[in-house]
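Asker: one predicted model, sequence on top.
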Amino acid sequence: MAAPADIVVHDLTAGYERHPAVHHVSLRWPAGALAAVVGPNGAGKSTLLKCVAGRLRPMHGRIHGVAPAQVAYLPQLSEVDRSFPITVAELVAMGLWHELGPWRRPDAGQRARVAHALAEVGLHGFERRTLDTLSGGQFQRALFARLMLQDAPVVLLDEPFTGVDARTLQELLCVLRRWHEQGRTVIAVLHDLELVRAAFPLATLLARELVVHGPTAAVLTEANLLRARQLQEAFDDTAEVCDLPDPGAVPHAAEASHGH
Ligand SMILES: Nc1ncnc2c1ncn2[C@@H]1O[C@H](COP(=O)(O)OP(=O)(O)OP(=O)(O)O)[C@@H](O)[C@H]1O
């Protein structure tokens, strides 16, 4: 694995069919950060993550310090097709795409790594099961095994614990902590603020624009959460690309609890 760099988002505006979903977001995630992205429904969290993953082209602004090939990205579960007729081993082996390319089949060593990754997420012996036979939690574990094999310096997770029970959550959280201990940058979109407070040192609060970014305790204050709700409610969903001035400096919890 190559070492991650700081990821710098500069004046990012992004959205769909010319309707911006996030506006003029500027922030920095230090290399090796364990960070959460939070905010109300529709705040633009997935949109921001897709831009960082290189899955969505910004309308305006830039992201430095990360290339798509350096990212292991877990989309929201609703975007993943579970009816695909493949086995768990085949799904997980997709994580080796950077080694295998489109045509080569995994050799014995690579199959052993697939089995090892499955054991790490508690799915020992599930290799031959097809995806449609897995429970929601088992499927999420298999997706984590695939991410593991991607061996990427940056791991981006969009609501990775949705629909999993408490035990699965704790086990997947251990996987995530291991990635962090290995020096990877791990950024997760989450709704459970207690979980964010307990397990994520850095947080970004979004409400179509950046509300605040910094140490989690300074970000998740009542005042900031109220401001995020108010901004989200005030947002005009039909707005065209805006022409707000560049906000310049990165708002940081230490000096600006009310955003820019
Ligand atoms: N593919 C798309 N086409 C058109 N609009 C989209 C698309 N994806 C998201 N949007 C819109 O962009 C806005 C931000 O959506 P996004 O999914 O980024 O928010 P989110 O904070 O991740 O929300 P949630 O917490 O509900 O998952 C929403 O108004 C949404 O309807």
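Answerer: Right, received. Where do you want to start?
Asker: what ranges does the protein have for its helices?
Answerer: Remark: helices assigned in the chain by DSSP state H are 45-53, 88-93, 97-100, 108-120, 136-150, 166-181, 193-199, 216-219, 222-234.
Asker: ok, now which ones touch residue 37?
Answerer: Residues near residue 37 by CB atoms under 8 Å, 6 or more residues apart in numbering: 45, 48-49, 187-190, 203-204, 206. In this view, the C-beta of every residue, glycine as well, is placed from N, C-alpha and C.
Asker: per-residue pLDDT of it, please?
Answerer: In this model, residue 37 is scored at 98, pLDDT.
Asker: indicate which one of the helices of the chain is closest to the ligand.
Answerer: helix 45-53 (3.3 Å; CB to the nearest ligand atom).
Asker: would you mind giving the helices of the chain as CSV with distance to the ligand and mean pLDDT added?
Answerer: Output for these, formatted as CSV (distance: least, CB to the nearest ligand atom, whole Å; pLDDT from 0 to 100):
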stretch, distance to the ligand, mean pLDDT
helix 45-53, 3, 97
helix 88-93, 23, 94
helix 97-100, 24, 82
helix 108-120, 27, 93
helix 136-150, 16, 94
helix 166-181, 18, 95
helix 193-199, 13, 97
helix 216-219, 16, 98
helix 222-234, 9, 93
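Asker: can you redo those as JSON lines with distance to residue 72?
Answerer: Listed next are those as JSON lines, based on distance: least, CB to CB, whole Å:
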{"stretch": "helix 45-53", "distance to residue 72": "9"}
{"stretch": "helix 88-93", "distance to residue 72": "12"}
{"stretch": "helix 97-100", "distance to residue 72": "10"}
{"stretch": "helix 108-120", "distance to residue 72": "12"}
{"stretch": "helix 136-150", "distance to residue 72": "4"}
{"stretch": "helix 166-181", "distance to residue 72": "9"}
{"stretch": "helix 193-199", "distance to residue 72": "19"}
{"stretch": "helix 216-219", "distance to residue 72": "23"}
{"stretch": "helix 222-234", "distance to residue 72": "28"}
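Asker: turn those helices into CSV, including distance to residue 79 and mean neighbour count.
Answerer: Conversion of the helices of the chain to CSV gives the following (distance: least, CB to CB, whole Å; neighbours: other CB atoms under 10 Å):
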stretch, distance to residue 79, mean neighbour count
helix 45-53, 9, 23
helix 88-93, 15, 23
helix 97-100, 18, 14
helix 108-120, 22, 16
helix 136-150, 11, 22
helix 166-181, 18, 16
helix 193-199, 22, 15
helix 216-219, 27, 19
helix 222-234, 22, 15
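Asker: compare those and give me the one nearest residue 159.
Answerer: The closest approach between residue 159 and any of these, judged by CB to CB, belongs to helix 45-53 at 8.2 Å.
Asker: in strands only, show me the contacts of residue 37.
Answerer: Of the contacts of residue 37, the ones assigned to strands by DSSP state E are 187-189, 203-204, 206.
Asker: ranking the residues you listed by neighbours, who comes first?
Answerer: Within the ones in strands among the contacts of residue 37, most neighbours by other CB atoms under 10 Å means residue 206, with 27 neighbours.
Asker: who touches that one in this structure?
Answerer: By CB under 8 Å, 6+ apart, the contact set of residue 206 is 22, 25, 37-39, 43-45, 48, 228.
Asker: not counting sequence-adjacent ones, nearest residue to it?
Answerer: residue 39 (3.9 Å; CB to CB, 6 or more residues apart in numbering).
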